[in-house]
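Asker: What follows is a predicted structure for the sequence shown.
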Amino acid sequence: MIVSNCREGYNDPDIACVAVFRPVSKKASSLAEQMKGRSCRPLRDVAKVLHTLPDAEARCKAIAESAKPNALIVDLVGITGLADCASTVEIYAEGLPDKVKERTEEILAEQSVDEEVNVEGAIEQAKREAEETKERIRKEREEAERKAREEFEKRAKLDAQSRYTAHDMGQGSAVKGRISEGQLKLIAALGMKLLRPDISTKQAHRIIDQLRSGMNFPEVARQNRLGEDWEQVKPSDQQIRFFRRAGLDVSLVKTKYDARQLGDAYDNPAAWVTRKISEMSKAYTLDELHAIGLDIRVAKSALTPELIARLATAGLQRKDAILGRGDAWEGD
């Protein structure tokens, strides 16, 4: 048995079978053809007379009637391109996610031709990388949720003292109560990165309320006289790819805050719904209830019909309670 030596330039017409165990990258497709070609040479005595035969049909007949009428290629890595050909990776990685199989094939294809092929080792590496990626995403989500929860609690305490609605459209003070770091981060998560430091706490609350209500960024900037001192912040491409692979609707995911809502709902739907129902119970105005409704729209594709029904029931009950208190309200 000769291993990893019979590549370009090797010619032994007596070889009738080639077993390929090493994956070959698409960039090295010519190498795959060389590997298959080792078994495709006609026998020497047949090769000597092929050029004397009148046509291709006669040459094929001479090969078919020889002691080596065909060649056998044992393809364990998919270099033949046949759809029903199970590769070594697919056999060893049966039952594992497709992304682990794909990464395993990439790892093996990246190895030097002189390295020993270790399919099981490559699978373990691919699994390890997948787990590390999953763990990193989980930690990032938990950290983002923790910060959002802290900011929400701070805001709830301030709201207990003073509440602002969409009716309060003034500029606000830029001297007393300078915007906090937490407010800056929350506004950025809601899609706007503020580039000026002279924003008051009151104005920051108003910007947050407007963004949570679904007001578009240019209008928020106009009403708060931000000029060009802001930038739009979008969710990362990695987050969008993750949601699409999970089969979730990303059409409404426009900000990092939206991405966090959808990610939390996908990760633990029941806990997310419980948290939103709790937020509804603390809503004092229809504006606040509407903002929670926007969160639900973003996360809807991650929820079951039963959970959506729970949210709808809780929302209607809270709306009736708000209107029953005689709160001032204009609009629909």
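Answerer: That came in fine, so what should we check first?
Asker: Show the subsequent helix or strand relative to whichever helix in the chain runs longest.
Answerer: Longest helix of the chain, by residue count under DSSP state H: helix 119-161. As assigned by DSSP states H and E, the chain's next helix or strand after helix 119-161 is helix 181-189.
Asker: Show me what counts as buried in that next one.
Answerer: Using 16 or more other Cβ atoms under 10 Å as the test for burial, helix 181-189 gives 182-189. Where C-beta positions appear, they are placed from N, C-alpha and C, glycine not excepted.
Asker: how many other residues sit next to residue 244?
Answerer: Per other Cβ atoms under 10 Å, the neighbour tally for residue 244 reads 11.
Asker: Quick one, grab the pLDDT at it.
Answerer: We have a pLDDT of 90 for residue 244.
Asker: tell me the contacts of the closest residue to residue 256 other than its chain neighbours?
Answerer: Closest residue to residue 256 apart from its sequence neighbours, by Cβ to Cβ, 6 or more residues apart in numbering: residue 189 at 4.6 Å. Neighbouring residues of residue 189 by Cβ atoms under 8 Å, 6 or more residues apart in numbering: 144, 148, 233, 255-257, 260.
Asker: If we use 10 Å, what do you get?
Answerer: 144, 147-148, 151, 208, 211, 233, 235, 255-260 (Cβ atoms under 10 Å, 6 or more residues apart in numbering).
Asker: element containing the residue positioned nearest the centre of the chain, please.
Answerer: For the chain, the residue nearest the mean C-alpha position is residue 242 (1.7 Å; Cα atoms, centre = their mean). For residue 242, the enclosing helix or strand under DSSP H and E is helix 237-245.
Asker: Just list what that helix packs against, helices and strands only.
Answerer: helix 119-161, helix 256-267 (3 or more Cβ pairs under 10 Å, 6 or more residues apart in numbering; DSSP states H and E).
Asker: returning to what we had before: quick check: closest non-adjacent residue to the residue nearest to the centre of the chain.
Answerer: residue 137 (7.0 Å).
Asker: Are we agreed that residue 249 is in a strand?
Answerer: No: per DSSP: H, G, I helix; E, B strand; the rest coil, residue 249 lies outside any strand segment and is coil.
Asker: Show the pLDDT at it.
Answerer: pLDDT for residue 249: 92.
Asker: just the strands in the stretch 1-150 of the chain please.
Answerer: 17-20, 72-75 (DSSP state E, counting those that start in this stretch).
Asker: and the helix or strand where residue 315 lies, which residues are buried?
Answerer: Following DSSP H and E, one finds residue 315 within helix 305-324. The neighbour-count criterion (16+ other Cβ under 10 Å) identifies 307, 310-311, 314-315, 318-319, 322 as the buried residues of helix 305-324.
Asker: just stretch 139-148 next, same as before
Answerer: 141, 144-145, 148.
Asker: quick one on the thing from earlier: adding pLDDT and distance to residue 132, write the buried residues of helix 181-189 out as TSV.
Answerer: Putting these into TSV (pLDDT from 0 to 100; distance: Cβ to Cβ, whole Å) gives the following:
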residue	pLDDT	distance to residue 132
182	86	30
183	86	33
184	86	31
185	87	26
186	89	29
187	89	32
188	87	27
189	88	25
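Asker: remind me which residues of the stretch 101-250 of the chain are low pLDDT?
Answerer: Across the stretch 101-250 of the chain, residues meeting the criterion (pLDDT under 70) sit at 111-117, 155-177.
Asker: Model confidence score at the nearest residue to residue 13 once chain neighbours are set aside, please.
Answerer: In space, residue 13 comes closest to residue 41 once its chain neighbours are excluded; the distance is 4.1 Å by Cβ to Cβ, 6+ apart. Note on residue 41: pLDDT of 85.
Asker: Return the residues in contact with residue 41.
Answerer: By Cβ under 10 Å, 6+ apart, the contact set of residue 41 is 10-16, 47, 68, 71.
Asker: Now, of those, which are buried?
Answerer: Of the contacts of residue 41, these count as buried by 16+ other Cβ under 10 Å: 13, 15, 68, 71.
Asker: CSV for these, including distance to residue 107 and pLDDT?
Answerer: Formatted as CSV, the buried ones among the contacts of residue 41 follow (distance: Cβ to Cβ, whole Å; pLDDT from 0 to 100):
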residue, distance to residue 107, pLDDT
13, 35, 86
15, 29, 87
68, 36, 86
71, 30, 87
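Asker: Now render the residues you listed as TSV, adding distance to residue 290.
Answerer: Below are the buried ones among the contacts of residue 41 laid out as TSV (distance: Cβ to Cβ, whole Å):
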residue	distance to residue 290
13	79
15	74
68	78
71	71
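Asker: roughly how far apart are residue 71 and residue 42?
Answerer: Look at residue 71 and residue 42: by Cβ to Cβ, to the nearest Å, they are 10 Å apart.
Asker: Equivalent analysis for residue 178, please.
Answerer: The value you get for residue 178 to residue 42, if Cβ to Cβ is used, is 86 Å.
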